[in-house]
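*Asks:* Below: sequence and its predicted model.
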Amino acid sequence: MDIGFSPEETRFREECRDWLHANVPAERRPPDAIDAIDFDKAWQRRLFDAGWAGINWPSEYGGRGLSIVQQVIWLEEYARAGAPWIGANFVGINHGGPTLIINASEEQKAYHLPRILKGEAIWCQGFSEPGAGSDLAGIRTKARIEGDELVVNGSKIWTSFAHVADWQELVLRTEEGSERHKGLSWVICDMHVPGITIRPIRKISGQTEFAEVFYDDVRIPLANVVGGLGNGWKVAMSTLSFERGTGFIADQVAQSREIEDLIEKARARGLIKDMRIAESLAQMRSEVAALRAMTYRNISEVMRTGQPGPEASVIRLFTSELGQRLERMAVLLMGEEMIDFAYGDDNGISDYLRGFAQTIAGGSAQIQRDIIGERLLGLPKSR
C-alpha cells in the first residue's frame, strides 16, 4: 500500500466528507441497545440507500465493490465527521458479514449479506461462554446431528445485542468427544427459534447491551453451517481477525480527535504547564500516530492476503490500552466537573466506565499478547 493516496482516492475522500457533512444526524444515538435499535436500523438503511454501506463488499451482495483503501478512507472520514456509532449493526457489518464473504456458500451470502447492509437483520456473536471467555478453544456448547439438523444445548455469555438480534454467528462443538480447537463448527443461528432464552446483562455504565443466551434443544439446519462441519476454528479465526484489525479503524480516528481535544482542554485550564500532564499528552499523541502507521501496514497485508493476519492482535491490543489511557486522562482533566458528568445526562463518565471493557472484549489483553508472542515472535506457548 502506498502511504500517499492517489488522485482518485483523494476525490473519494472529498466525496465521503461532503456526504457526511450533509447527512450526519443532529440527534444523538440513544445509549441503551433497546432504545437505539430503531435509530441504528434507520441510519444503516440511510447509508445503504445512499451507497455508503459495504464500501468494499462485493457489488452483487449490495456493496460497492471498491478497494479496501477506500473502505479505510470512508471509516476515517466517518469518524472525523462525528457520525454515530453503528451500534447494533456492529457485529454484522464489521466481522460477521466479512466472515461470510470469505467462508460462506453462495446461498448463504446471497441471503444474509444484503440484509446486513440494509440494516434489516441484526447479528450478535455467540463465542464466549461462562467457562470459555478469552479461551475460545474451551467451548462446551455442543450440538448433535439429527437428520439434516443440529440440535444445540449449552450457553453463551457477554453476547452483545443478543436481545435485539435476528441472527447469531455461533461457534459450538459438533464432534462428540473432541477437545480444544478440533470438532468446532461456525453456524448461523436464527435467534427467534424455539429453545433460546435470553437474559440481558446491565453494564457498569448503566446500559443494557450484553446478554446471556441459553440453548435448550435448539434446532439449526445443517445448511446454516459456514465453512463445513469441524472447520469452526478456522472460520472463527477469520472472524476475530476482522474484529481485531480493520474493525477498529474508526476507533483510532476517534482517538486522534480525542487527544487533540484533551490537549486543547489542558491548555484552556492552564494544566498544560504541569509537565507530567504535558508529557503524558505528548506521549499519547505520538502513540496515536504510531497506531495509524501500524494500521496502514496491516491494511497493506490485507490487500496482499485477502484477510487480516495475527498482526491484527497488535493493533487490537494497542488500540484498547491507548483508549483506556485517553479516558483516564479525560477524567483527570474534568476535575470538579466529573461530579456533573457522573450524575448528569452527558456520557463523558460513561465513556470512562465503558473503557474498562476495552482490554477484555474481543479477546483479553493477555490473549492478544499470547497471540503476538506465539504467532508473530515464535515464542513458546504460555503455560
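*Replies:* Structure received. Note that this is a predicted model, so its numbers are computed, not measured.

*Asks:* list the contacts for Thr159?
*Replies:* Cys124, Gln125, Gly126, Ser128, Gln168, Phe210, Ala211, Glu212, Val213 (CB atoms under 8 Å, 6 or more residues apart in numbering). The C-beta positions use only the backbone N, C-alpha and C, and glycine is treated the same way.

*Asks:* Which of those fall within helices?
*Replies:* Counting by DSSP state H, those place none of their members in helices.

*Asks:* from the residues you listed, which ones fall inside strands?
*Replies:* Cys124, Gln125, Gly126, Gln168, Phe210, Ala211, Glu212, Val213 (DSSP state E).

*Asks:* How many residues are close by the nearest residue to the last one once chain neighbours are set aside?
*Replies:* Distance criterion CB to CB, 6 or more residues apart in numbering; nearest residue to Val213, sequence neighbours excluded, is Lys156 at 4.6 Å. Residues within reach of Lys156, counting by other CB atoms under 10 Å, total 27.

*Asks:* that older thread, can you tell me which of the contacts of Thr159 lies closest to Glu106?
*Replies:* When those are compared for distance to Glu106, the smallest value, 21.3 Å, is given by Gln168; criterion: CB to CB.

*Asks:* how close does the closest one sit to Leu100?
*Replies:* Between Gln168 and Leu100 the distance is 13 Å, computed by CB to CB, to the nearest Å.

*Asks:* Distance of Glu327 relative to Gln255?
*Replies:* From Glu327 over to Gln255 the distance is 10 Å, taken as CB to CB.

*Asks:* Also Gly82?
*Replies:* Counting by CB to CB, the gap from Gly82 to Gln255 is 14 Å.

*Asks:* Between the two, which is the more surrounded one?
*Replies:* A side-by-side neighbour count of Gly82 and Gln255, using other CB under 10 Å, places Gln255 first with 23 against 10.

*Asks:* Without its sequence neighbours, what residue ends up closest to that one?
*Replies:* Leaving aside its sequence neighbours, Gln255 sits nearest to Val288 (CB to CB, 6+ apart; 5.5 Å).

*Asks:* Helix, strand, or coil at that neighbour?
*Replies:* helix (DSSP: H, G, I helix; E, B strand; the rest coil).

*Asks:* State the number of residues packed around it.
*Replies:* If you count neighbours by other CB under 10 Å, Val288 ends up with 21.

*Asks:* quick revisit: among the contacts of Thr159, which one sits closest to Trp74?
*Replies:* The closest of the contacts of Thr159 to Trp74 turns out to be Gln125 (CB to CB; 23.2 Å).

*Asks:* Surely that closest one and Val91 touch.
*Replies:* Yes. Here Gln125 lies in contact with Val91, judged by CB atoms under 8 Å, at a distance of 5.2 Å.

*Asks:* So for those two, which residues contact both of them?
*Replies:* Between them, Gln125 and Val91 have Ser160, Glu169 as joint contacts when contacts are counted by CB under 8 Å, 6+ apart.

*Asks:* Neighbours of the residue nearest to Val193 when sequence neighbours are not counted, how many?
*Replies:* Counting by CB to CB, 6+ apart, the nearest residue to Val193 once its immediate chain neighbours are dropped is Val218, at 6.0 Å. One way to gauge burial is a neighbour count; for Val218, by other CB under 10 Å, it gives 25.

*Asks:* which residues in the stretch 151-300 of the chain form strands?
*Replies:* Taking DSSP state E, counting those that start in this stretch as the criterion, the stretch 151-300 of the chain carries its strands at 167-173, 184-190, 196-202, 208-221, 225-226.

*Asks:* Can you say which of the ones you listed is nearest to Asp148?
*Replies:* Relative to Asp148, the nearest member of the strands of the stretch 151-300 of the chain by CB to CB is strand 208-221, separated by 6.4 Å.

*Asks:* That closest one pairs with which strands, parallel or anti?
*Replies:* Strand pairing for strand 208-221, using DSSP bridges, gives strand 149-156 (antiparallel), strand 196-202 (antiparallel).
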